[in-house]
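J.: Here is a sequence with its predicted model. Questions after.
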Amino acid sequence: MSRRTAMFLTAFGVWSWVIWITFAKNLWDSDRAWAADGSPTAYFVVHAVLTVVSFVLGTVIGVIGWRGLRARRPQSA
């Protein structure tokens with residue numbers, strides 16, 4: 001993997017976490033997320049699953065990029 005690709009994948013992983021943490025906070029505070037009785041709505045459940053999947057994929061992609069960057073470092077003697 002090229003250094004450029006590894007850097008892109010690592011940056012994507014970090015960016016994904018930043019974006020989805022913000023989204024999760026906004027989801028939790030959303031009026032559409034909770035029913036009048038305090039239970040989660042279908043809107044909340046669907047978007048919570050989307051958020052978790054995105055965290056997992058962002059982590060996997062970021063780890064692949066990080067490993068690619070580390071593999072390109074010169075080995076110390």
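T.: Noted; the coordinates are in hand.

J.: going forward, measure contacts and count neighbours with C-alpha atoms only.
T.: Noted.

J.: which residues of the chain fall in strands?
T.: Taking DSSP state E as the criterion, the chain contains no strands.

J.: where does it have low pLDDT?
T.: 75-77 (pLDDT under 70).

J.: Any buried residues in stretch 1-13, and which?
T.: 6-13 (16 or more other CA atoms under 10 Å).

J.: got the contact list for it?
T.: 58-69, 72 (CA atoms under 8 Å, 6 or more residues apart in numbering).

J.: Tell me the one of those residues nearest residue 48?
T.: Nearest to residue 48 among the contacts of stretch 1-13, counting by CA to CA, is residue 58 at 15.1 Å.

J.: And the nearest residue to the closest one once chain neighbours are set aside, how close does it get to residue 40?
T.: The shortest distance from residue 58 to any non-neighbouring residue, by CA to CA, 6 or more residues apart in numbering, is to residue 13 (4.4 Å). Look at residue 13 and residue 40: by CA to CA, to the nearest Å, they are 28 Å apart.

J.: Quick one: the helices in the chain, in order.
T.: 3-29, 42-72 (DSSP state H).

J.: Centre-most residue in this protein?
T.: Closest residue to the average C-alpha location of the chain: residue 55 at 3.2 Å, with CA atoms, centre = their mean.
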